[in-house]
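1. Return a 3D structure for these sequence lines:
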Amino acid sequence: MTHRDFLLRLGLALLLGAAIGLERQWHQRMAGLRTNVLVSVGSSLFVTLGFRLGGQGVDPTRMASYVVSGIGFLGAGVIMREGVHVKGLNTAATLWCAAAVGVLSGAGFFFEASVGALTVVLAHVVLRPVAKVFASHPLSEVADGTTYRIRVECRTHDEQRIRALMLQAARQDGLGLKSLHSEDAERPERLDVSAIVASPGRADRLLEEVVSRLSLDPSVSAVSWEIVAFDLDEA
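-> Numbering: from 1, shown residues only. The predicted structure is shown next:
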């Protein structure tokens, strides 16, 4: 392999990694431009090393397999669990694809590497709005049931007690708690506490009973529930 071939392979890995990373950076994902470039370039360097040492009994395909297994540790670092939800799977998969693009570039498969990078970018750009269309149907019942949002407005100093009551209500009534968070309400010294819960099927009557019990608390000034589309894909 000449120095010209080496620079060509490395340069293509850099450009294609940047193409993938720019889309990720634009949408403010955890692994953006630099991360995807480094993954692609690093993969290309390792595979190039395999070709350099090919005459010394080193199998380039084995070097590529090391890249495939090693990128899993990097991908695991961007996957986070929040309650029953897992975020970062798309980002980890994108890093995996960036590594594949780098491997193809380092192996000299320029056309395949270019098509692979283009496919990754198109998958994010084209499929994202398609996924949102399916996720935006408010009354759809997906495989894990129906998702509801319960909102309670309460006094600021009663936040912890209201959160505990909402958590207890979800457990007692067999609802799966997906998330629970608080934010300032429009009125002073008031908070909005929201809980996202899931039911195996439609449980409108049960939700009405839950909010009715919460409304009896003296610190609660408003309470409501609604069916929501809960997007598990962080795109």
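2. how does the protein divide into domains?
-> 3-135, 146-227 (automatic domain parsing).
3. Of those domains, which stretch is the most buried?
-> domain 3-135 (a mean of 18; mean count of other C-beta atoms under 10 Å). All C-beta atoms are positioned from the backbone trio N, CA, C, and that covers glycine.
4. can you map out the helices along the protein?
-> 3-26, 33-52, 60-76, 89-106, 110-135, 159-172, 204-215 (DSSP state H).
5. So which of these is nearest residue 188?
-> helix 159-172 (14.5 Å; C-beta to C-beta).
6. Touching the closest one from outside, list them.
-> With contact meaning C-beta atoms under 8 Å, 6 or more residues apart in numbering, helix 159-172 is reached by 150, 152, 154, 175-177, 180, 182, 191, 193, 195, 197, 210, 213-214, 217, 219-220.
7. Could you list which of those belong to strands?
-> Members of the contacts of helix 159-172 lying in strands (criterion: DSSP state E): 150, 152, 154, 176-177, 180, 182, 191, 193, 195, 197, 220.
8. Throw those into a markdown table and include distance to residue 112 and pLDDT, thanks.
-> A markdown table is the format used below for the ones in strands among the contacts of helix 159-172 (distance: C-beta to C-beta, whole Å; pLDDT from 0 to 100):
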| residue | distance to residue 112 | pLDDT |
| --- | --- | --- |
| 150 | 50 | 89 |
| 152 | 55 | 90 |
| 154 | 58 | 87 |
| 176 | 43 | 83 |
| 177 | 46 | 82 |
| 180 | 47 | 84 |
| 182 | 50 | 84 |
| 191 | 54 | 86 |
| 193 | 52 | 89 |
| 195 | 48 | 88 |
| 197 | 46 | 85 |
| 220 | 60 | 87 |
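9. Give me the contact list for stretch 22-40.
-> So stretch 22-40 is contacted by 13-14, 16-18, 20-21, 71, 74, 78, 88, 90-91, 94-95, 98-99, 101-102, 105, 121, 124-125, 235 (C-beta under 8 Å, 6+ apart).
10. Distance from the chain centre to it, please.
-> 14 Å (C-alpha atoms, centre = their mean, to the nearest Å).
11. what do you get for stretch 153-168?
-> The answer for stretch 153-168 is 29 Å, by C-alpha atoms, centre = their mean.
12. Stretch 44-54 now?
-> 32 Å.
13. low-scoring stretches of the chain, by residue?
-> 1, 27-31, 54-60, 73-87, 131-144, 229-235 (pLDDT under 70).
14. please redo it, this time with the cut-off set to 50
-> Residue ranges of the chain with pLDDT under 50: 82-85, 138-143, 230-235.
15. is it true that residue 196 touches residue 149?
-> Yes. Shown here, residue 196 and residue 149 form a contact pair, counting by C-beta atoms under 8 Å, at 5.6 Å.
16. what touches both of these two?
-> Joint contacts of residue 196 and residue 149 (C-beta under 8 Å, 6+ apart) are residue 228.
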